[in-house]
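J.: here is a sequence together with a model predicted from it:
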Amino acid sequence: MSIIPNWLYRLSSPKNFYRFAGTASNWCGWIALFLFVIGLYYGLINSPPDYQQGDTTRIMYVHVPAAWMSMFVYMVMAISAAVGMIWRIKASTAFANASAPIGAMFTALALATGMLWGKPMWGTYWVWDARLTSELILLFLYLGYMALQSAIDDRETAARATAILALVGMVNIPIIHYSVEWWNTLHQGATVTKLDKPSIHISMLIPLLIMAVAFKFYYLSNVFRRARCEMLEREQDKLWVRELLGENGSE
Amino acid sequence: MNEARLGTAFVSLLRRDLMLAYRHRAQMLNPLLFFVIVVSLFPLGLDPEPELLHTIAPGVIWVAALLAAMLSLDSMFRSDFDDGSLEQLLLTPHPLPLLVLAKVVAHWLTSGLPLLVLAPVLGVLLNLGSESLFPLLATLALGTPILSLIGSIGVALTVGLRGGGVLLSLLILPLYIPVLIFAANAVGNAGAGLDITGQLAFLGSLLALASALAPLATAAALRISLN
């Protein structure tokens, strides 16, 4: 227990986690909304159009943060699943399970916006670009994780099995990413499909970063809410849940 | 526990699995037949033009090899799980990753190695030139053990589940992508007269990585599946 600080240990108890997640979810939700309003205003209205791509470049303010999040969430998911498996912390497992659908959603969003962006820019919805391809494979990994989770009836077994799968996936993601990149350069050479952004102008960078932070808070808000529901389901026979329901019922 | 007893456990488990595979020869042959049939479907579905076949041959043979490996994977732990001998394996004092490795080696000898024998024939059917023959065999020799190793993790996770077969392919096929990319590319490049040592080195390092890590993950997954 020496590795885990005391406050974290106390937080990891299902009852405390449930309370904390509720508060955290609300706070993160409001912060996300605030940042979304600012980021979208600067991104969609108050930033210059790209000198080459015109207004289509504005899809970047959704596409790039979504793509960043898709990788980030998988990493968070794998680490928290591993922590949940090693120290048997239910809150951590719930966090990992709650992350999977949200991460898959971010990946799908990155793919969809990428395709919409590709149509005017490359003239086609889909090219076997290295980044698009590795996003697609990442989506498959998320779907596999969710499929395994739903295939195992026992919650404890499911949590530990999916943790192993997530860790295997995390070892594989860099290998897949670089092999796809290598494959792509070998097949197509240096084509215009590479979205090189060596110097993004500051007036575009700021809304982009605001949007990225907004996406993070949106994710946190969502993941806490989902983890809270999962915790209630897991602990439905426990005293604290019955007390909670009893209190709410009597009010 | 001394070295000799570890070695004995490894060898006797390997011999047992090979014996079982030999007794169920037909079961072992089915994935191989599948491999041949899938490959021979492509010229029928596409144009049987020699140039086209030559271009698609590496990819087609390798995709078929992946699918054949998927089909044969299910037998790795299934019968042992059904008759309870898998639980006995977990109860032995020997380290489980080593026993897993023995089962993976047995699986490769009965499913991966026969592909090596069949592949040159299929190469001829698909108009793969003689200069690509050695690269094809080399990539299969390096690549198919990786398929067995990575596959064993998936089988171990799904062994007790209903409809595990379809789930298995969903879990494992994305992880097979690097092998497919490097192997098919090596064969294709060899046909174009290019150097392929880079791809073979990548496959070799993937094999080293998989054989070091996959048995550990499989052992952990088996303990979870059998609870």
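T.: Right, received. Where do you want to start?
J.: for the host helix or strand of residue B:31, output the C-alpha coordinates as PDB.
T.: Secondary-structure assignment from DSSP states H and E places residue B:31 in helix B:25-45. Provided in PDB are the C-alpha atoms of helix B:25-45 (Å, rounded to 0.1, in the frame of the first residue of the first chain):
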ATOM      1  CA  ARG B  25      -5.100 -35.800 -38.500                       C
ATOM      2  CA  ALA B  26      -8.200 -34.700 -40.300                       C
ATOM      3  CA  GLN B  27      -8.800 -31.800 -37.800                       C
ATOM      4  CA  MET B  28      -5.300 -30.700 -38.500                       C
ATOM      5  CA  LEU B  29      -5.700 -30.800 -42.200                       C
ATOM      6  CA  ASN B  30      -8.900 -28.700 -42.400                       C
ATOM      7  CA  PRO B  31      -7.200 -25.300 -41.900                       C
ATOM      8  CA  LEU B  32      -4.700 -26.200 -44.500                       C
ATOM      9  CA  LEU B  33      -7.400 -27.100 -47.000                       C
ATOM     10  CA  PHE B  34      -9.100 -23.800 -46.100                       C
ATOM     11  CA  PHE B  35      -5.800 -22.100 -46.900                       C
ATOM     12  CA  VAL B  36      -5.600 -23.700 -50.300                       C
ATOM     13  CA  ILE B  37      -9.200 -23.000 -51.200                       C
ATOM     14  CA  VAL B  38      -9.200 -19.400 -50.100                       C
ATOM     15  CA  VAL B  39      -6.100 -18.700 -52.200                       C
ATOM     16  CA  SER B  40      -7.600 -20.500 -55.300                       C
ATOM     17  CA  LEU B  41     -10.800 -18.400 -55.000                       C
ATOM     18  CA  PHE B  42      -9.000 -15.200 -55.800                       C
ATOM     19  CA  PRO B  43      -8.100 -15.900 -59.400                       C
ATOM     20  CA  LEU B  44     -11.700 -17.000 -59.900                       C
ATOM     21  CA  GLY B  45     -13.100 -13.800 -58.400                       C
END
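J.: low-scoring stretches of the stretch 101-250 of chain A, by residue?
T.: Within the stretch 101-250 of chain A, the stretches with pLDDT under 70 are A:185-200, A:247-250.
J.: what residues does it put near chain B?
T.: Residues of the stretch 101-250 of chain A found near chain B (Cβ under 8 Å from any Cβ of the partner chain) are A:137, A:140-141, A:143-144, A:147-148, A:151-152, A:154, A:157, A:160-161, A:164-165, A:167-169, A:171-172, A:175-176, A:179-180, A:182-183, A:186. From N, CA and C alone the C-beta is placed, and that goes for glycine too.
J.: now with 6 Å?
T.: Residues of the stretch 101-250 of chain A found near chain B, taking Cβ under 6 Å from any Cβ of the partner chain as the criterion, are A:137, A:140-141, A:144, A:147, A:151, A:160-161, A:164, A:168, A:172, A:175-176, A:179, A:183.
J.: of all pairs in the residues you listed, which one spans the longest distance?
T.: Using Cβ to Cβ, these span at most 33.8 Å, a distance reached by A:160 and A:183.
J.: more crowded one of these two?
T.: residue A:160 (24 against 20; other Cβ atoms under 10 Å in any protein chain shown).
J.: mind giving me the packing neighbours of the helix or strand hosting that one?
T.: Following DSSP H and E, one finds residue A:160 within helix A:155-188. Where contact means 3 or more Cβ pairs under 6 Å, 6 or more residues apart in numbering or on different chains; DSSP states H and E, helix A:155-188 is packed against helix A:60-87, helix A:130-151, helix B:164-191, helix B:197-226.
J.: how far does the longest one sit from the chain's center?
T.: What that stands for is helix B:197-226. Distance of helix B:197-226 from its chain centroid, counting by Cα atoms, centre = their mean, to the nearest Å, is 12 Å.
J.: now do the helix holding residue B:31: which elements does it pack against?
T.: Contacts defined by 3+ Cβ pairs under 6 Å, 6+ apart place helix B:25-45 against helix B:50-73.
J.: ok so, going back, so the helix holding residue B:31 versus helix B:50-73, what angle?
T.: Relative orientation of helix B:25-45 versus helix B:50-73 (axes from the mean of the first three to the mean of the last three Cα atoms, to 10 degrees): 150 degrees.
J.: in helix B:25-45, what's buried?
T.: The neighbour-count check on helix B:25-45 (16 or more other Cβ atoms under 10 Å in any protein chain shown) flags B:28, B:31-32, B:34-36, B:38-39, B:42-43 as buried.
J.: give the contact list for residue 202.
T.: You didn't pick a chain, so chain A it is. By Cβ atoms under 6 Å, 6 or more residues apart in numbering or on different chains, no residues touch residue A:202.
J.: other chain: chain B
T.: residue B:182.
J.: near chain A, which residues of chain B show up?
T.: Going by Cβ under 6 Å from any Cβ, the residues of chain B near chain A are B:153, B:157, B:161, B:167, B:170-171, B:174-175, B:177-178, B:181, B:217, B:220-221, B:224.
J.: specify which member of those residues is nearest to residue A:237.
T.: Among these, residue B:224 lies closest to residue A:237 (Cβ to Cβ), at 23.0 Å.
J.: these two touch, right, the closest one and residue A:159?
T.: No - with contact defined as Cβ atoms under 6 Å, residue B:224 does not count as touching residue A:159 (9.3 Å).
J.: tell me how far the helix holding residue A:160 is from the chain's mean position?
T.: In terms of Cα atoms, centre = their mean, the centre of helix A:155-188 is found 15 Å from the chain centre.
J.: flag every buried residue along that helix.
T.: Neighbour-count burial for helix A:155-188, counted by 16+ other Cβ under 10 Å, picks out A:155, A:157-170, A:172-173, A:175-177, A:179-180, A:182-184.
J.: how far away is residue B:100 from chain A?
T.: Between residue B:100 and chain A the computed distance is 13 Å (Cβ to the nearest Cβ, to the nearest Å).
J.: okay, the helices and strands packed on helix A:155-188, which one's buried deepest?
T.: Mean neighbours per residue, mean count of other Cβ atoms under 10 Å in any protein chain shown, is largest over the helices and strands packed on helix A:155-188 for helix B:164-191, with a mean of 23.
J.: mean confidence score for it?
T.: Helix B:164-191 carries an average pLDDT of 89.
J.: tell me how far that helix lies from the chain's centre.
T.: Helix B:164-191 has its average C-alpha position 10 Å from the chain's average C-alpha position, going by Cα atoms, centre = their mean.
J.: now the angle between helix B:197-226 and that helix, please.
T.: 170 degrees.
J.: so residue A:152 sits against residue A:162, correct?
T.: No - the pair residue A:152 / residue A:162 is not scored as a contact, 8.1 Å apart, by Cβ under 6 Å.
J.: before we move on, the earlier item: would CSV of the helices and strands packed on helix A:155-188 with distance to residue A:18 be doable?
T.: Formatted as CSV, the helices and strands packed on helix A:155-188 follow (distance: least, Cβ to Cβ, whole Å):
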stretch, distance to residue A:18
helix A:60-87, 16
helix A:130-151, 21
helix B:164-191, 31
helix B:197-226, 26
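J.: of the ones you listed, which is nearest residue B:71?
T.: Across those, closest to residue B:71 is helix B:164-191 (Cβ to Cβ), at 8.4 Å.
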